[in-house]
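Trainee: 3D model of this:
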Amino acid sequence: MIEPELTEIRERIAKYTSFADGNACWLWKGAISKTRGYGRITFRGVVVNAHRVSYMAARGKELDRKICVCHSCDNPSCVRPDHLFEGTNKHNTADMIAKGRHRNQKKTHCKRGHPLSGDNLVIYPNGSRQCKKCLRTASHKFFEKNLRKTKRVNKPRSELAHLKVIGQHSVPACPPQTIPPPPSSPVSHPRSWEHYP
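Mentor: Residues are numbered from 1 along each chain as shown. Below is the predicted model:
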């Protein structure tokens, strides 16, 4: 970042920041995202998170788009550079899980009322959790639906022998067509051999 741009950004951040004494958070007073509560600011014609711009202005360096700016204070509207650190999306998710803020960690039951604990729980590497009973039900429904498409539900193999599967539908196989045999010798078609002496 160049110095005039840094000065202008620092002034804008100071204008919309509520500074606090000690180690308390500096809260963003400008635009706030409705869904997650992060401060929003226009930077180079694009609306971005205010804490990211505050971190870049404090450090005086650009950040790659793949780098996340994470909060150590867990306050999304905080723009205090001391409370911010660099990390990847993986680090940010791991931090969220370690602090117990992942949205699925607070759920005790799935949306169908099954408990999310013990043998009925699947935990994925990204920290998300899912109900085993619901997974089984979805799997059974998927296979049952696909079996119906091919009309193979509750039919013995003997009934399916005359069917030919085309795409997802079963249709009766066509009877073999009778094709006349090719001529066995050139003598049977003398006109085609006129150029021979």
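Trainee: who's in contact with His83?
Mentor: Residues counted as contacts of His83 (Cβ atoms under 8 Å, 6 or more residues apart in numbering) are 25, 71-73, 75. Using the backbone N, CA and C atoms, a C-beta is placed for each residue, glycine as well.
Trainee: And the average pLDDT for stretch 95-105 is what?
Mentor: Averaging pLDDT along stretch 95-105 yields 76.
Trainee: Please read the previous query as pertaining to stretch 65-75.
Mentor: For stretch 65-75, the per-residue pLDDT averages 86.
Trainee: Can you point out the buried residues in it?
Mentor: 68-71, 75 (16 or more other Cβ atoms under 10 Å).
Trainee: for stretch 102-121, same thing?
Mentor: For stretch 102-121, the neighbour count (16+ other Cβ under 10 Å) marks 102, 110, 116, 120 as buried.
Trainee: Show the contacting residues for the last one.
Mentor: Remark: with contacts taken as Cβ under 8 Å, 6+ apart, Asn120 is in contact with 114, 131-133.
Trainee: ok, the spatially closest residue to it that is not a sequence neighbour - how many residues close by?
Mentor: Among residues not flanking Asn120 along the chain, Lys132 sits closest, at 5.0 Å (Cβ to Cβ, 6 or more residues apart in numbering). When counting by other Cβ atoms under 10 Å, one arrives at 15 neighbours for Lys132.
Trainee: Show me what the longest helix belonging to the chain is packed against.
Mentor: Secondary structure assigned by DSSP state H gives helix 132-149 as the longest helix of the chain. Here helix 132-149 touches strand 121-123, going by 3 or more Cβ pairs under 8 Å, 6 or more residues apart in numbering; DSSP states H and E.
Trainee: Name the surrounding residues that touch the strand it packs on.
Mentor: So strand 121-123 is contacted by 129-132, 135 (Cβ under 8 Å, 6+ apart).
Trainee: and the least confident of those?
Mentor: Within these, Arg129 has the lowest pLDDT, namely 78.
Trainee: Next one: that one from His109, what distance?
Mentor: Separation of Arg129 from His109 (Cβ to Cβ, to the nearest Å): 11 Å.
Trainee: list the residues that contact both of those two?
Mentor: In contact with both Arg129 and His109: Leu116, using Cβ under 8 Å, 6+ apart.
Trainee: ok, back up a step: next, format the contacts of His83 as JSON lines and append secondary structure and distance to Asn49.
Mentor: As requested, the contacts of His83 are exported to JSON lines (DSSP: H, G, I helix; E, B strand; the rest coil; distance: Cβ to Cβ, whole Å):
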{"residue": "Cys25", "secondary structure": "coil", "distance to Asn49": "15"}
{"residue": "His71", "secondary structure": "strand", "distance to Asn49": "10"}
{"residue": "Ser72", "secondary structure": "coil", "distance to Asn49": "16"}
{"residue": "Cys73", "secondary structure": "coil", "distance to Asn49": "15"}
{"residue": "Asn75", "secondary structure": "coil", "distance to Asn49": "13"}
